[in-house]
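Peer 1: my questions are about this predicted structure, shown below with the sequence.
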Amino acid sequence: MSSLSNRASRFTIHLGEHNVYVEEGTEQRIGAEKVIPHPKYNDFKYNNDFMLIKLKEPAIFNQYVQPISLASSCSSTGEQCLVSGWGNQITTGVDYASVLQCLNLPVLELVGRMGWVCPGPNFSPSPALLSRSQCEGAYGRLITENMFCAGFMEGGKDSCRVDSGGPVVCNGELRGVVSWGYGCAQRGYPGVYVEVCHYTDWVESTIANN
């Protein structure tokens with residue numbers, strides 16, 4: 001599962017990855033057999049910015065690679081969520097992460113991006129997701145019913161370039177997918193995410209047919 005802002009005709013899927021520059025013995029690398037974009041994707045507004053990737057062979061589930069449940073409900077303001085990726089760590093210039101980074105975010109009140117690592121045993125969740133009015137206040141009519149915002153309105157913490165397609169996990173479910181935003185961690189412009197709950201039927205039927 002991914003977003004269409006990470007389009008490509010050929011993919012190698014990396015599972016169990018942590019440090020992209022170090023072989024740690026946990027990795028699985030599997031080619032993509034098929035890329036299935038959402039049929040109603042709009043590349044002007046990034047609406048329906050969602051696709052599925054069929055692997056050439058099954059993944060092996062273990063302590064480093066596990067499936068995740070699809071969203072059983074939509075995002076709600078104040079909900080505790082976690083976004084992760086290897087994207088840019090600075091707002092100006094380029095500094096892509098070598099080690100998987102994690103950020104606690106509220107549905108529109110994003111916590112912790114620049115300069116964090118995935119949670120350890122003493123990790124404490126931060127606030128949760130931003131309100132619809134805050135999201136629309138930032139981006140106006142660009143926001144559709146298939147999107148939600150998460151982040152700090154004052155800026156400083158956000159998902160960023162190359163994080164696109166990454167997961168937003170809330171209560172152990174895939175609630176969102178990193179999609180777009182105005183720059184990264186800019187004041188007044190939180191990150192915009194795909195609302196996965198609107199796609200569960202399409203995901204299930206597409207998997208069944210492929």
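Peer 2: Now that the structure is in, tell me what you want to look at.
Peer 1: just checking, residue 19 touches residue 97?
Peer 2: No. Assessed by Cβ atoms under 8 Å, residue 19 is found out of contact with residue 97, at 9.4 Å. (Glycine included, C-beta is placed from N, CA and C.)
Peer 1: higher neighbour count, those two?
Peer 2: When residue 19 and residue 97 are compared for neighbours, residue 97 comes out ahead with 21 against 14, by other Cβ atoms under 10 Å.
Peer 1: who's in contact with the more buried one?
Peer 2: Going by Cβ atoms under 8 Å, 6 or more residues apart in numbering, residue 97 touches 85-89.
Peer 1: do residue 176 as well
Peer 2: 75, 81, 83, 148, 150, 167-168, 170, 193-196 are the contacts of residue 176 under Cβ under 8 Å, 6+ apart.
Peer 1: give me that answer again for 6 Å
Peer 2: Residue 176 is in contact with 168, 193-194, 196, counting by Cβ atoms under 6 Å, 6 or more residues apart in numbering.
Peer 1: same check on residue 31?
Peer 2: Residue 31 sits in contact with 12, 56, where contact means Cβ under 6 Å, 6+ apart.
Peer 1: give me the three-state assignment for it.
Peer 2: Secondary structure, DSSP: H, G, I helix; E, B strand; the rest coil: residue 31 is strand.
Peer 1: now do it, the pLDDT please.
Peer 2: Residue 31 carries a pLDDT value of 90.
Peer 1: so what's it bridging to?
Peer 2: residue 12 (DSSP bridges).
Peer 1: give me the distance between it and residue 145.
Peer 2: Taking Cβ to Cβ, to the nearest Å as the measure, residue 31 falls 35 Å from residue 145.
Peer 1: any idea how far residue 84 is from the closest residue to residue 18 other than its chain neighbours?
Peer 2: Nearest residue to residue 18 in three dimensions, chain neighbours excluded: residue 100, at 5.4 Å (Cβ to Cβ, 6 or more residues apart in numbering). In this view, residue 100 and residue 84 are 6 Å apart by Cβ to Cβ.
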